[in-house]
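S.K.: could you look at this predicted model? Sequence included:
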Amino acid sequence: MSAASGIWARRWQRLRGHRAGMASLVLLALLLLFVLADVPLEAITGIDPNEADLFARFDPPSWAHPLGMDEAGRDVLLRLMVGGQISLLVGLLATLLGGMIGIAVGVAAGFWGGRLDALLMRVTDGMIALPLLPLLIVLGAVDLTKIGFSSEFAHSGAAGFWRIVVIIALVDWTAIARLVRASTMQIRERDYIRAARAAGAGSWDIIATHILPNIATPIIVALTLTVGRVILFESVLSFLGFGVVPPTPSWGNMLNNAQELVTTAPLLAVYPGALIFLVVMAVNFLGDGLQHAFDPRSEQPE
Amino acid sequence: MNRFILRRLLQSALVLLVMSFVIYGLIGLMPGDPLDVMVASVPGVTPEQIARLRAIYGLDQPLMLRYFHWLMAALQGDLGYSRSHSVPVLAVLAPALWTTCKLMLISFVAAVALSFVLGITAALKPGGWLDGAIGLVAFAGISVPVFWLALMMILVFAVELHWLPASGGFTVGDGGFVDQFRHLVMPVTTLALATTGGFTRFVRASMIETLRADHIRTARAKGNPPSRVVLVHALRNAMIPVLTVMALSFGSLFSGALLTETMFAQPGMGKLIYDAILSNDFNLALSGLLFATLITLLANLAADLAYAWLDPRIKL
Amino acid sequence: MSPLLEARDISVQFPTAAGLVRAVEGVSLAVQPGEVLALVGESGSGKSTVGFVLAGLQTPTRGQVLHDGRVLDRAVWRQIRREVQIVFQDPFGALDPRMLVGDIIAEPLRLQRLGNAVERAARVALLLDQVGLPGEAASRFAHEFSGGQRQRIAIARALAPKPRLIVADEPLSALDVSVQSQILNLLKDIQTAEQLALLFISHDLAVVNHLADRVAVLYLGRLVELAPRAALFAAPAHPYTRALLDAVPRIGRKRLRGQGVIAGEMPSPLAPPSGCVFHPRCPQAQAICAILAPPWHEPRPGQAVLCHFPLGEGAQ
């Protein structure tokens, strides 16, 4: 739509004026290139990041293995790349899924109001009052075969991946829901919504063409910040052994053994954590930049 | 006022009740079965014996009924027996709770103090280089994985420099005040640093907003010295939202404390719950999680009350 | 000639925390094709609510709205949606800040599935020209325009689906005085050119005198007088209409002190007075007025008044 392109072009310009935001965008792009580089690298060198070589445990960096080998004799650099793909993917997917839950709950509560609103907000308040980490740990420890999944699936890498996406999304949607509800209520009574009704718009038309675009700004900012938080959750859970399960690497589970190995191979503990740190920091700065770029006060003409 | 407190108390009690059921159900979904662990070390157990044991322990009853029995017992103060520690659950829980609260409170106070200093400094000249530097530090605090920060602290201060002990609550054979203090330095620093980031941003934002407000301009125009304007007039008004946010973040502080303890092997709730889940100690895991929920609920309740008490616009 | 839109005995009530607000009580009103019907009254008289009911934005609690003799329910509203459009008071809240002006004006066409994209763009260009805005306005945002220009955009949007009636809810009140006459003339020109019916809601009798064919006077949610403009301005039949007219300052006429100025404030629609709702403020109220609700009188053809003692021709 031309309307969208117009406003987005302006926002892009304002974001480009935000130094920290732009720097993080560049950094994120570089990190993305880095984690995706394993595909060509594996093809060229023929090294399998999951292949253990017990004679090469803790090998120091060499030309073939620039960051050396880990405790099972696997290439650290490649594992960092593959693990990064997993961690970033979990971050994005869980954010999207949780965002969808939050937006649905928030719009429903804010737009229709009344009893639906009261019910949904009681549930949201209840969720907010819960200690997230212990809850995530319990959810992460649930035996999937006990809720009807086949044993093969429950112990597959895919199950570990999707389990963590789903549980984080199930737990981390409340902030978005509250934000969306408040924003929806703010604009529900605007005259342009009435005008749309007079022009024949139904509730879904109004939500799609007027409500969602007008609340998109805070949602995008909040979702960006959620990505950072989700990546942290993933790393914690995988680190504690309740998230992505080896041999599938993730930045979190690569740190799993690092604690005991901190005297033998300290760098194994440094790399994945530093990458998590960098990504989350960049994402948070980007969120800050977006907030600046989308600020309605800066969208008014001077 | 009393009605407000009563309503919030009832709400919290309801959430706790619902959560106890959810956690009870989820714990049942964890791998293994209480009986498996018990009979694992006994050779030659027959299926008939297992069935009889299941009946004795009530494991063959439907979930709702088992939950109801557990709830009745729990309400009378009987939280069951911890299998991994071989003592009643409460006997393990109480000291762990104390350790965690100690860690949380000290870190919280440190984080509040630090964030006020940093936040106010940054707010004095928004956009200045000091503001930028503090912003960077604050972002780092928000973005750093707590467990990794702990790991790095251990790496630097314990492994490389040998300044501080890496784990535990005290040294066996010592245990004096200085020794306990040395063991707390790294956990507290880790948790406080991770918490300060978010707090600093709130203090800064709130201060900037307040300094822009009309009555502050009036105070300036009346010729009050700048330090007085900032510290007396602005700070008082900036406090309300900041304190609320800080109290409300007790939940995430708790999550942080759980991680920090696990990392530094402090005998607190976090390590307790973590070990209980790993060793299939169902009773202990269940009670630990419920206490975690209870603490979070109480902290939120306190935050609400404090907010209502501080903000005259809210009538109780 | 059958009326374009007819309200039959409509009432609108809003439940609030303080009680039931009776915003509109038993209003019957017909809009004829091509006429300008003005709806006047103080703020809180329910005139906007009547407008919303006639524009299909508010479902009446009681009573019916008829279109060409058909009772309007949701299904029928959907069919005749394009015939009734609305222009709001505040041109800043009435235009979606996220949409380009062209998309705003084309929205009714898009929703009604009138024409394809090219045809709609052509119609938008035509409409912009008609309301006196340059064609390039279509590719700009509403906030780039002044209040008067925004009201022109809102009028263009209302005109887009070729309606038969436009409900204009105080379209001038939010505008600068210098702009008001421009927009007033624009509305008048368009109404004449397009043979539109206009339901013009206003509290400004001078404007109404300039524009209206007939005038309906509302007080506390009740219709109290309905008359052709000339008759109403020359010989108001309701004491309230008279008071409103006397409150209008006119050049060449001295304001009559103490006479006709309405005493007191409008009573709360939560607890309307008994009998005639105007009696507490009415200069010629009698005992009966406080007890019995007045009947309709027709002092002159076409003029209807809800009063026990309508003002006669010799009253002034």
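M.R.: Done, it's in. Residues are numbered from 1 along each chain as shown, chains lettered A, B, ... in the order given.
S.K.: tell me the spacing between the residue nearest to the spatial centre of chain C and chain B.
M.R.: With distances taken as CA atoms, centre = their mean, the residue of chain C nearest its centroid is C:Ile201 (2.4 Å). In this structure, C:Ile201 and chain B are separated by 35 Å, where distance is defined by CB to the nearest CB, to the nearest Å. For glycine as for every other residue, the C-beta is placed from the backbone atoms N, C-alpha and C.
S.K.: for the helix or strand hosting that residue, C-alpha coordinates in CSV please.
M.R.: Mapping C:Ile201 onto the secondary structure by DSSP states H and E places it in strand C:197-202. Listed next in CSV are the C-alpha coordinates belonging to strand C:197-202 (Å, rounded to 0.1, in the frame of the first residue of the first chain):
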residue,chain,number,x,y,z
ALA,C,197,-29.9,16.2,2.4
LEU,C,198,-27.9,17.6,5.3
LEU,C,199,-28.5,17.0,9.0
PHE,C,200,-26.6,19.9,10.4
ILE,C,201,-25.9,19.7,14.1
SER,C,202,-25.0,22.9,15.7
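S.K.: so how far is it off the chain centroid?
M.R.: Taking CA atoms, centre = their mean, to the nearest Å, one finds strand C:197-202 lying 4 Å from the centre of the chain it belongs to.
S.K.: and after it, which helix or strand comes next?
M.R.: helix C:205-211.
S.K.: contacting residues around the helix or strand just after that next one?
M.R.: Remark: after helix C:205-211, the chain's next helix or strand is strand C:214-219, criterion DSSP H and E. Outside strand C:214-219, the residues that touch it by CB atoms under 8 Å, 6 or more residues apart in numbering or on different chains are C:27, C:29, C:35-42, C:45-47, C:50, C:208, C:223-229, C:232, C:238, C:240-241, C:244, C:266, C:277-278, C:302.
S.K.: just the C-alphas of strand C:214-219, formatted as CSV.
M.R.: As requested, the backbone C-alpha atoms of strand C:214-219 are provided in CSV (Å, rounded to 0.1, in the frame of the first residue of the first chain):
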residue,chain,number,x,y,z
ARG,C,214,-36.0,23.5,8.9
VAL,C,215,-34.8,23.6,12.5
ALA,C,216,-35.3,21.1,15.3
VAL,C,217,-34.6,22.2,18.8
LEU,C,218,-33.5,19.7,21.4
TYR,C,219,-33.5,20.1,25.1
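S.K.: which stretches of chain B have low pLDDT?
M.R.: Within chain B, the segments meeting pLDDT under 70 span B:1, B:32-42, B:57-58, B:168-176, B:214-216, B:228-233, B:307, B:310-316.
S.K.: where does the prediction get shaky in the stretch 101-250 of chain C?
M.R.: Judged against pLDDT under 70, the low-scoring parts of the stretch 101-250 of chain C cover residues C:249-250.
S.K.: for the residue in it positioned nearest to chain B, phi and psi?
M.R.: When CB to the nearest CB is the measure, the stretch 101-250 of chain C has its nearest residue to chain B at C:His143, with 23.2 Å between them. In terms of degrees, to the nearest 10, the main-chain angles of C:His143 are phi -70, psi 0.
S.K.: relative to its centre, which residue of chain A is most distant?
M.R.: The C-alpha centroid of chain A is most remote from A:Ala198, which lies 39.9 Å away (CA atoms, centre = their mean).
S.K.: report whether the helix or strand B:Phe4 falls within contacts chain A.
M.R.: Assigning secondary structure by DSSP H and E places B:Phe4 in helix B:2-28. Yes. Shown here: helix B:2-28 in contact with chain A (CB under 8 Å from any CB of the partner chain) through B:11-12, B:15, B:18-19, B:23, B:26-28.
S.K.: put the buried members of those into a ChimeraX selection.
M.R.: Buried members of these can be picked out in ChimeraX with the line below, counting by 16 or more other CB atoms under 10 Å in any protein chain shown:
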select /B:11,12,15,19,23,26,27,28
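S.K.: closest one of the residues of helix B:2-28 next to chain A to chain C?
M.R.: Out of these, the member with the shortest distance to chain C (by CB to the nearest CB) is B:Gln11, at 21.1 Å.
S.K.: okay, now the closest residue to the closest one other than its chain neighbours: neighbour count?
M.R.: Nearest residue to B:Gln11 in three dimensions, chain neighbours excluded: A:Asp125, at 7.7 Å (CB to CB, 6 or more residues apart in numbering or on different chains). Residues near A:Asp125, counting by other CB atoms under 10 Å in any protein chain shown, number 14.
S.K.: cool, B:Val137 as well?
M.R.: Here the neighbour count serves as a burial measure; for B:Val137 (other CB under 10 Å) it reads 15.
S.K.: mind listing what's buried in the helix or strand harbouring it?
M.R.: Secondary structure assigned from DSSP H and E places B:Val137 in helix B:129-143. Applying a neighbour-count criterion of 16+ other CB under 10 Å, the buried positions in helix B:129-143 are B:131, B:134-135, B:138-143.
S.K.: do you know how far B:Ile273 is from A:Pro134?
M.R.: 6 Å (CB to CB, to the nearest Å).
S.K.: could you do A:Glu42 as well?
M.R.: The gap separating A:Glu42 from A:Pro134 is 38 Å, by CB to CB.
S.K.: ok, the two, which is more surrounded?
M.R.: The neighbour count for A:Glu42 versus A:Pro134, taken as other CB under 10 Å, is higher for A:Pro134 (26 against 16).
S.K.: ok, now which ones touch the residue nearest to B:Leu93 when sequence neighbours are not counted?
M.R.: In space, and not counting its chain neighbours, B:Leu93 is closest to B:Ser287: 6.0 Å by CB to CB, 6+ apart. Listed by CB under 8 Å, 6+ apart, the contact partners of B:Ser287 are B:74, B:79-80, B:89-90, B:93.
S.K.: if you rank those by neighbours, which is first?
M.R.: In terms of neighbours by other CB under 10 Å, the contacts of B:Ser287 top out with B:Val89 at 25 neighbours.
S.K.: what pLDDT does residue 9 get?
M.R.: In the absence of a named chain, this looks at chain A. The predicted local distance difference test score for A:Ala9 is 75.
S.K.: you looked at the wrong chain, it should be chain C
M.R.: On the pLDDT scale, C:Asp9 is placed at 92.
S.K.: without its sequence neighbours, what residue ends up closest to it?
M.R.: In space, C:Asp9 is closest to C:Gly63, 4.3 Å off (CB to CB, 6+ apart).
S.K.: contact partners for the one you found?
M.R.: With the criterion set at CB under 8 Å, 6+ apart, C:Gly63 makes contact with C:7-11, C:26-28.
S.K.: farthest pair in the buried residues of helix B:129-143?
M.R.: B:Asp131 and B:Ser143 (18.2 Å; CB to CB).
S.K.: end to end, how far does stretch C:68-80 reach?
M.R.: Stretch C:68-80 has an end-to-end distance of 10 Å (criterion: CA to CA, to the nearest Å).
S.K.: quick one: buried residues of that stretch?
M.R.: Burial within stretch C:68-80, assessed by neighbour count using 16+ other CB under 10 Å, is assigned to C:72, C:77, C:80.
S.K.: for A:Ser151, grab the count of nearby residues.
M.R.: Neighbour count of A:Ser151, defined by other CB under 10 Å: 9.
S.K.: cool, and the one 4 residues further on?
M.R.: A count of nearby residues for A:His155, using other CB under 10 Å, gives 13.
S.K.: what's the spacing between it and C:Glu144?
M.R.: Relative to C:Glu144, A:His155 is positioned 60 Å away (criterion: CB to CB).
S.K.: before we move on, the earlier item: the residue nearest to the centre of chain C contacts C:Val167, correct?
M.R.: Yes. Counting by CB atoms under 8 Å, C:Ile201 sits close enough to C:Val167 to count as a contact (7.2 Å).
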